[in-house]
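Just a sequence and a predicted model for now, questions to come.
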Amino acid sequence: MERVRVLIRPEIDERHHGDLGRLVAEAFAGVDAEGVEVHVERARNSWESFTGRAYGGRPKRPRSHPSTRFLVRVKVPGTLRNRSYPRTYRYPRLKTAPWITVRDWQERFVALVAHEAYHTRQFRDGLRRSEVQAERWAALILESWRESRPPVQRRRQRRAAALRSEPVPTALRPRQLALFDM
């Protein structure tokens, strides 16, 4: 299977370039990536963050590789953070679209790219363009991606949760007791 061509704009924090490229490839699971180019761009406004668009052909702008048949543009914040997660959302104004819950920016990015990847499949196969079907596909890909996440990451998440619930160090206990004895 062909690998998807990924172009990440320099305005995106360079620490995440490797993660973004890997996540794009994983989000294209089950979709033919031949002739697909993905541009990851910085969102200009907060409402533009984590939005995307798939083109059924090769547009004149932005410029793309000559062998590109389908272009996907994805917009993310310049600095990717895990603020305000988990987050549950549904495609706007579509009552039959599934609700999707994401736990961090990586999951949100995978769901977004999988949605746009499904549109490239619709273009390639001459299928009807359906946002609901693309959202259902994104939910399936996100679920399978979660299950395939390396155990190391899950262990890190459990360790972080354990650190948050650790008891107060014993060095502080006598001082606390002294405050209650007064």
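All right, it came through fine.

hey, let's count contacts and neighbours off CA atoms from now on
Will do.

what's the pLDDT at the most centrally placed residue in the chain?
Nearest residue to the geometric centre of the chain (Cα atoms, centre = their mean): residue 109, 1.1 Å. For residue 109, the pLDDT comes out at 98.

Identify all contacting residues around the longest helix along the chain.
Longest helix in the chain by number of residues (criterion: DSSP state H): helix 105-125. For helix 105-125, the surrounding residues in contact (Cα atoms under 8 Å, 6 or more residues apart in numbering) are 23-24, 26-28, 31-32, 36, 50-56, 70, 72, 74, 80-82, 102, 128-129, 134-135, 137-139, 141-142.

now do 7 Å
For helix 105-125, the external contacting residues (Cα atoms under 7 Å, 6 or more residues apart in numbering) are 23-24, 27-28, 31, 50, 52-54, 56, 70, 72, 80-82, 102, 128-129, 134-135, 137-139, 141-142.

Which of the residues you listed fall in strands?
Secondary-structure check on the contacts of helix 105-125 using DSSP state E: residues within strands are 52, 53, 54, 70, 72, 102.

show me what contacts the last one?
I take that to be residue 102. The contact partners of residue 102, by Cα under 7 Å, 6+ apart, come to 86, 87, 88, 108.

Filter the residues you listed down to the buried ones, PyMOL style.
Typed into PyMOL, the line below selects the buried ones among those, using 16 or more other Cα atoms under 10 Å:
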select buried, resi 108
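
quick check, nearest of the contacts of residue 102 to residue 43?
When these are compared for distance to residue 43 (Cα to Cα), residue 108 wins out at 14.8 Å.

Which of the contacts of helix 105-125 fall within helices?
Among the contacts of helix 105-125, DSSP H puts 23, 24, 27, 134, 135, 137, 138, 139, 141, 142 in helices.
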